[in-house]
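S.K.: need a structure here:
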Amino acid sequence: MKNKIKDYSQLAKLRLSSTVVFSALVGYLLAVDQVDFKILFMLLIGGFMVVASSNGFNQVYEKETDKLMNRTKQRPIPAGRMQSSEGLLFSSILGLIGILILYYINAKSAMFGAAALVLYAAVYTPLKTVSPIAVFVGAFPGAIPFMLGWVAATNQFGIESGTLFAIQFLWQFPHFWAIAWMLDEDYKKAGIRMLPSGMKDEKTAFQAMLYTIWLIPVSIMPFVFPYIGIESKLILTPYGALSILLMGVYLYKKSALLLKNCDHSSAKKLMFGSLVYLPVIQIIYLIDKYVLQ
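M.R.: All right, here's what the predicted structure looks like:
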């Protein structure tokens, strides 16, 4: 039983799913003045199930390519500890229950949750062996959790949720291209094409830096909204905006280092830098709302 639970945890990518759900939690807390713990609980459970379901479908589809990569060959399906049919059933049940839970919150939450599941499992996953455009497609479902929290709280999609979506959307490019750079040899064994130029070269590094540059102004847009006549419930104080700007400079330096050196070490630094950047700016947003405003 212990081994079976471990296999299901690997199929759902438990740690990754929990990290993604953190974005939904922050999005919800940014949207509300008073927490409805019932809605929040359903958001976290429903969101977790949808993300876990997506990860499970991904592994069912990629069972053959997973066998070819050192990083993934010990996953339960390619290692032979779980049948594809079992993984498919598990993922289907998780996805269905997760979407139903989100629907109980509101229809928009269920719609975005279902869209994320379909785009990730049915579009992004097959595209990974076809074209590097898979990263662009995969960034859409990957960006939904942050805005999903806002939509669950307000039942509205507007400038606020769109901004949260844009932040997590742009963040994914330097993050995943840094990972793809580090795992390029493993990916080549499986025919997975993730790097924008197809190679670990200056063009790929420049693309990672370019999206990092775009990410900086988007991340502080809520500070600018009042000055350009945009009404928004998502705002930033000068202190919050400055803190996020400094984090943007920090991530930019990591991406510029990759462009300068084009080596594994710099890609690793960019990857870890991106892992720091997103939760830190999300926490800054929360501190800015609940402490500084």
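S.K.: spatially nearest residue to Lys268, not counting backbone neighbours?
M.R.: For Lys268, ignoring the flanking residues on the chain, the nearest one in space by CB to CB, 6 or more residues apart in numbering is Met182 at 6.0 Å. (C-beta placed from N, C-alpha, C; glycine too.)
S.K.: so that neighbour touches Ser266, yeah?
M.R.: No: applying CB atoms under 8 Å, one finds Met182 not in contact with Ser266, separated by 10.2 Å.
S.K.: so between the two, which is more surrounded?
M.R.: A direct count of neighbours by other CB atoms under 10 Å for Met182 and Ser266 places Ser266 higher, at 20 against 17.
S.K.: ok, the more buried one touching Leu257?
M.R.: Yes: counting by CB under 8 Å, Ser266 touches Leu257, with 4.7 Å between them.
S.K.: in three-state terms, label Ser232 for me.
M.R.: Of the three states, Ser232 takes coil under DSSP: H, G, I helix; E, B strand; the rest coil.
S.K.: can you give me phi and psi for it?
M.R.: The phi and psi torsions at Ser232 (degrees, to the nearest 10) take the values phi -150, psi 140.
S.K.: and what of the one 5 residues further on?
M.R.: As for Thr237, its main-chain torsions (degrees, to the nearest 10) stand at phi -80, psi 170.
S.K.: how much space separates it from Leu259?
M.R.: Distance, Thr237 to Leu259, using CB to CB, to the nearest Å: 33 Å.
S.K.: before we move on, what about Met42?
M.R.: Met42 is 43 Å from Leu259, by CB to CB.
S.K.: and Leu40, by the same measure?
M.R.: 41 Å.
S.K.: what does Leu275 give?
M.R.: In this view, Leu275 and Leu259 are 19 Å apart by CB to CB.
S.K.: of the two, give the one with the bigger neighbour count.
M.R.: When Leu275 and Leu259 are compared for neighbours, Leu259 comes out ahead with 18 against 14, by other CB under 10 Å.
S.K.: residues in contact with that one?
M.R.: Listed by CB atoms under 8 Å, 6 or more residues apart in numbering, the contact partners of Leu259 are 202, 205-206, 208-209.
S.K.: try it again with 10 Å
M.R.: Going by CB atoms under 10 Å, 6 or more residues apart in numbering, Leu259 touches 202-210, 266, 270.
S.K.: same thing with Ile39?
M.R.: Ile39 is in contact with 28, 32, 104-106, 109, 152-153, counting by CB under 10 Å, 6+ apart.
S.K.: need those residues in a markdown table (columns: distance to Ser18).
M.R.: Shown next, in a markdown table, are the contacts of Ile39 (distance: CB to CB, whole Å):
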| residue | distance to Ser18 |
| --- | --- |
| Tyr28 | 15 |
| Val32 | 21 |
| Tyr104 | 21 |
| Ile105 | 19 |
| Asn106 | 23 |
| Ser109 | 19 |
| Ala152 | 17 |
| Ala153 | 20 |
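S.K.: of these - the most surrounded one?
M.R.: Within the contacts of Ile39, most neighbours by other CB under 10 Å means Ala152, with 30 neighbours.
S.K.: what's the helix or strand for that residue?
M.R.: Under the criterion of DSSP states H and E, Ala152 resides in helix 133-154.
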